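Asker: Here is the input, now give the coordinates:
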Amino acid sequence: MIQDIAPNRLDNSFKNADIQQGDRLLCFDGEGRLLTDTSGERIVFPHAETDEQFSAVYAFSVDDERYFIVLSEHRDFGVGFEYNGLRQLRGSFGGKELYAAFTGYHLWKWYSDNSFCGRCGEKLSMRSDERALVCKRCGNVIYPRINPAVIVGVIKDGSILVTRYRSGYAHNALVAGFTEIGETLEGTVAREVMEETGVRVKNIRYYKSQPWGMAQDMLVGFYCEADGSGEIHMDENELKYAEWVKREDVVLQPDDLSLTNEMMKRFKEGNI
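Answerer: You can find the predicted model right below:
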């Protein structure tokens with residue numbers, strides 16, 4: 001999956017650090033596209049120079065490489081650098097650089113969406129002792145947003161419930177959805193499967209989790225069994241496809257980055 005970058009290691013602990021020569025720069029445009037050089041086999045990010053004069057905030061480190069999110073206008077970094085969307089990068093690259101791009105986008109989106117206090121309207125400031133934004137007028141503190149969502153592998157008689165979204169991602173997927181107010185993750189599993197496919201479930205069991213910075217999500221994977229006939233009544237507003245698929249017929253996604261694909265692969269190979 002995208003976070004499996006060993007032997008490299010992400011260090012996401014907060015540091016009140018100043019930018020230095022050679023640090024990696026995460027420069028996003030207003031549409032959330034990331035400035036990168038994609039002419040080689042790996043993603044290349046711009047590097048800071050000694051005379052850089054722009055607003056940037058420390059994001060994280062990967063091994064000994066420090067990444068900063070640029071929050072102001074920046075210079076032209078020269079031939080080869082252009083803005084690419086995360087979906088474009090995902091389609092061609094992997095490794096620690098793509099993971100840094102996803103995680104950097106998560107933080108950039110939070111900063112860009114929180115310029116002003118939602119309580120009193122005052123401009124927010126960065127705290128110096130933790131990764132948070134604070135309103136100096138009313139004291140409101142805002143932390144990075146993380147959206148919990150479930151991925152569900154529903155199994156019945158040697159088949160798994162495979163879906164495709166009505167719009168957006170075009171490849172096979174599993175039932176998925178966001179946790180609502182006052183709801184457990186297990187409750188989300190049962191509700192989302194029922195809402196999207198009309199199938200009741202039982203024996204819900206946790207599998208694994210995955211950070212998914214593209215949507216500021218924390219994805220939580222579960223397997224469960226269909227309870228009853230398993231007859232499908234698909235929500236056509238959400239999905240364009242929902243079918244029971246036997247192990248040998250499961251078509252996987254074109255890359256191995258997602259929790260969804262890993263869960264389908266484990267079922268296909270007989271490990272679930």
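Asker: pull the CA atoms of stretch 61-79 into PDB?
Answerer: As requested, the backbone C-alpha atoms of stretch 61-79 are provided in PDB (Å, rounded to 0.1, in the frame of the first residue of the first chain):
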ATOM      1  CA  SER A  61      10.600  14.100   7.200                       C
ATOM      2  CA  VAL A  62      11.300  11.000   5.200                       C
ATOM      3  CA  ASP A  63      14.500   9.600   6.600                       C
ATOM      4  CA  ASP A  64      16.800  12.600   6.600                       C
ATOM      5  CA  GLU A  65      14.900  14.500   3.900                       C
ATOM      6  CA  ARG A  66      12.800  17.400   5.300                       C
ATOM      7  CA  TYR A  67       9.700  18.600   3.500                       C
ATOM      8  CA  PHE A  68       8.200  22.000   3.700                       C
ATOM      9  CA  ILE A  69       4.800  23.200   2.500                       C
ATOM     10  CA  VAL A  70       5.100  26.500   0.600                       C
ATOM     11  CA  LEU A  71       2.200  28.800   1.600                       C
ATOM     12  CA  SER A  72       3.100  31.900  -0.500                       C
ATOM     13  CA  GLU A  73       4.000  32.600  -4.100                       C
ATOM     14  CA  HIS A  74       7.300  31.100  -5.100                       C
ATOM     15  CA  ARG A  75       9.900  31.500  -7.900                       C
ATOM     16  CA  ASP A  76      10.000  29.600 -11.200                       C
ATOM     17  CA  PHE A  77      12.000  26.400 -10.600                       C
ATOM     18  CA  GLY A  78      13.000  26.000 -14.200                       C
ATOM     19  CA  VAL A  79      12.600  23.500 -17.000                       C
END
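Asker: which residues touch the residue nearest in space to the middle of the chain?
Answerer: Centre of the chain computed as the mean C-alpha position; nearest residue by CA atoms, centre = their mean is residue 212, 1.8 Å away. Neighbour list for residue 212: 2, 102, 218, 219, 258, 259 [criterion: CB atoms under 8 Å, 6 or more residues apart in numbering]. Using the backbone N, CA and C atoms, a C-beta is placed for each residue, glycine as well.
Asker: What are the buried residues along the helix or strand encompassing the fourth one?
Answerer: If I follow you right, that is residue 219. With the criterion set as DSSP states H and E, the secondary-structure element containing residue 219 is strand 217-226. Residues 217, 219, 220, 221, 222, 223, 224, 225, 226 are the ones in strand 217-226 that count as buried (16 or more other CB atoms under 10 Å).
Asker: can you list contacts of the next helix or strand after that strand?
Answerer: Sequence-wise, the next helix or strand beyond strand 217-226 is strand 239-246, with elements assigned using DSSP H and E. Outside of strand 239-246, the residues that reach it under the criterion CB under 8 Å, 6+ apart are 156-166, 196-197, 230, 232, 234.
Asker: what ranges do the helices span in the stretch 151-272 of the chain?
Answerer: Counting by DSSP state H, counting those that start in this stretch, the segments of the stretch 151-272 of the chain that form helices are 185-197, 259-268.
Asker: Quickly list what the residue nearest to the centre of the chain is bridged to.
Answerer: Beta-bridge pairing for residue 212 (DSSP bridges): residue 217.
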